[in-house]
Structures are given as structure tokens and as C-alpha cells.
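# Here is my input; please provide its structure:
(chains A, B and C)
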Amino acid sequence: MPEGHTLHRLARNVDRRFRRAVVAAASPQGRFAAGAQRLDGTRLVGARAHGKHLLVRFAPPDAPPPLRRRPAGASVDGEQTLHVHLGLYGTFVLGAGEPPPVRGALRLRLVGVPEEAAGDEAAPWGDLRGPTACELLEPGEVEALEARLGPDPLQPDPAGAGRAAFVARTGASRSAVGGLLMRQDLVAGIGNVYRAEALFRAGVHPEVPGRSVGDAVLGGMWDDLVVLMRSGVRTGRIVTTEPEHRTGPGPGARGRAGGRAGWRDVAHYVYRRQGLPCRVCGTPVETAVMVGRNVFWCPVCQPS
DNA sequence: CATAAATGGCTAT
DNA sequence: TAGCCCTTTATGG
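Residues are numbered from 1 along each chain as shown, chains lettered A, B, ... in the order given. Next up, the predicted model:
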């Protein structure tokens, strides 16, 4: 579900399935009817993600296809950008072939219109439900949106500028690092699971002020997030435990009648494991509300 | 049935 | 900090 890795994975899949396709767009629920009408019949030219935001560009169907791929984000006249934010529980389900029957609150359905020459390739479809944001943006609005997002561990950072900015800005703050990690202007794409798990793996208590963490540890956390989130994009799951720590019951095992533990039961060190023994030292995991969300930590592995 | 919770974020006060 | 929005799923009566 939707932290940054979900959106990058989604952007990749939308791009793969829909790029260059003319789409039919509809909003059966009615909340995005006007936008769907504007998208209907346009051609999808590319999809990408920044943090938890999905950005999909559409061009008029008769626009000449670009000879070369433009730089990500570059936009030309007549193009519109669909901005999607899934929020807590939004989903964007993709498939190919016959779309499923419309059911529930379907905000937007995109269906690829088969080209004359495409033969019998199954047309792609996508169903969006429950998003926090689903809107069409002008190029300037896309720019404004991205201007307030910090560096994204899932975006290429060859010169290390994103990493350096994260370390400098987080390391300058007197606020608790557990709150800072949720700020999308400091680092884009981190959510409640990656926050708790990255802090555990770094051995940092969530209440420690950003300026007390230390640049080396902050830099290490960034590098760790790059690894964890790339893995999340590949697998579609957040798994932060090392193989040797994937034992014992997890949150999902409670009340389950003796069934084998699923991947969720061993995927995390502390997230939603309050009261359960720490996978490393056995101390009960603690929890508290921080910036309106539940945080989890091991009081021994993450000393305050 | 009703209610709560969930990997989020905006606005008002 | 509180309230609100969006939707689905799990749980309780």
C-alpha cells in the first residue's frame, strides 16, 4: 500500500502498459467526471512518481509523437498532467484484457483504446479508487507541487545532492527525528512504516532531536532507505527484516487459527508490533502517537 | 448493523 | 492539535 515505493512501482507499470496508448476515461462515481471527460480520447505519453505523488502526462491524440523522450516532467502545449495521491487507502489497480465489472466507488477508469494495427494484444485498463487527490494540473502547477517536495530516495541522485540536502536539513532541526522523517519537504516518499523501520535499523529513538542524531547516522539512514525502498519497488512489499530475524509470531498471527505465518508476520522489526518481543533483543516493543500517527520502537535497541 | 483503523495530508484554530 | 476528507476491511453486538 501507498508509501513512495508503491507510487514508483505504479508509475513504472502505468508507463509500461499505457505509454503511447489513446485512452478512454470515465468516472463512474461522478466525482471526477469533468476531468475524465477532458482525458477521454487523449494519448498517454508518460508516467512518473515523486515521493507519494503519481504524475501522468496526456497529449491530444493528434499531437505528433516526440522523436526523443523528453526529460521527465518536461511538458508541451496541450498536454495535461493527471496528479494522483493515494492517501491512506487509495488503490490504482492495473490489468489487461476485459476490465472487471464496475463496483464500489470507482473514481477513474482508464482503458487503452486498441490501435488498428495492434492486432489482438489485450488492451490495458486501470481502476482508481479512494485517492486523496485526483486532478488535472497545468505545467506550472506540477512545478509548484514538486517545488514543495524534498529529495526522493527513489530518484537518481548521482551527485549525492539529495542525500546531502536531507542530512543538512534534518540535522539542523531541533524537532524529533521521528516527526522529521514524515515531512515530505525534507524527504519525499517516507511513510509510517519506513519511518519506524528505518529508525530501528539505525538504532535511533524517534524522540531524538534531528540535530542530535549525527550526520553519519543520518547519511546512513538515507542510504538504508534507498536500499529498502528500491526493494519495495521490486517486490511491491515493505520488507525490512534481515533473513536471520524473520522468526516468531507477528501482528497478523494473532487470532489466526494455527495457520502458517504469512510474509507480513515477519516483514517488520517494530511497525505494529507493540507489546511483542523485539526480534533482536526480546524487549517488548513500545508505541506512542507522534505527529498524529503511531510510532513504534524498541527501548533497548533504540535508546533515548 | 455500527464502529474503528489504516502505509496521508489538508485546513482551521 | 483537532477535525475533516476519502474507501475498504476487520471486528463487535
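
# Okay, A:Leu137 and A:Asp40: tell me how far apart.
From A:Leu137 across to A:Asp40, the span is 17 Å (CB to CB, to the nearest Å). Just so you know, the C-beta spots here come from the backbone N, C-alpha and C atoms, and that holds for glycine as well.

# who's in contact with A:Asn192?
Counting by CB atoms under 8 Å, 6 or more residues apart in numbering, A:Asn192 touches A:3, A:182, A:271, A:293-295.

# for the one helix or strand A:Gly179 maps to, packing partners?
Taking DSSP states H and E as the definition, A:Gly179 sits inside helix A:177-180. Here helix A:177-180 touches helix A:192-202, helix A:210-213, going by 3 or more CB pairs under 8 Å, 6 or more residues apart in numbering; DSSP states H and E.

# what about that helix and DNA strand C, touching?
No. Judged by CB under 7 Å from any atom of the strand, helix A:177-180 stays clear of DNA strand C, getting no closer than 8.7 Å.

# How far away from the center of its chain is that helix?
Distance of helix A:177-180 from the chain centroid (CA atoms, centre = their mean, to the nearest Å) equals 18 Å.

# same check, this time on stretch A:184-195
In terms of CA atoms, centre = their mean, the centre of stretch A:184-195 is set 9 Å apart from its chain centre.

# And that stretch, what's buried?
The neighbour-count check on stretch A:184-195 (16 or more other CB atoms under 10 Å) flags A:184, A:186-195 as buried.

# ok, now stretch A:233-243?
Neighbour-count burial for stretch A:233-243 flags A:233, A:238-241 (criterion: 16+ other CB under 10 Å).

# follow-up on the earlier one: quick one, which of the helices and strands packed on helix A:177-180 gets closest to DNA strand B.
The closest of the helices and strands packed on helix A:177-180 to DNA strand B is helix A:192-202. By CB to the nearest atom of the strand, the value is 3.4 Å.

# show me the contacts for the residue nearest to A:Gly179 when sequence neighbours are not counted.
Spatial nearest neighbour of A:Gly179, chain neighbours left out: A:Val291 (4.5 Å); criterion: CB to CB, 6 or more residues apart in numbering. A:Val291 sits next to A:178-179, A:182 when contact means CB under 8 Å, 6+ apart.

# quick revisit: between the contacts of A:Asn192, which sits nearest A:Arg107?
Nearest to A:Arg107 among the contacts of A:Asn192, counting by CB to CB, is A:Glu3 at 20.4 Å.

# tell me the phi and psi of the closest residue to the closest one other than its chain neighbours?
In space, and not counting its chain neighbours, A:Glu3 is closest to A:Gly191: 3.5 Å by CB to CB, 6+ apart. In terms of degrees, to the nearest 10, the main-chain angles of A:Gly191 are phi -120, psi -170.

# measure A:Gly191 to DNA strand B for me?
2 Å (CB to the nearest atom of the strand, to the nearest Å).

# right, and that residue touches A:His5 too?
No. With contact defined as CB atoms under 8 Å, A:Gly191 and A:His5 do not form a contacting pair (9.2 Å).

# residues near the residue in the stretch 51-200 of chain A that DNA strand C sits nearest to, how many?
Nearest residue of the stretch 51-200 of chain A to DNA strand C: A:Gly104, at 2.6 Å (CB to the nearest atom of the strand). Neighbours of A:Gly104 under the rule other CB atoms under 10 Å: 10.

# Against A:Thr240, how distant is it?
31 Å.

# Same question for A:Leu199.
From A:Leu199 across to A:Thr240, the span is 11 Å (CB to CB).
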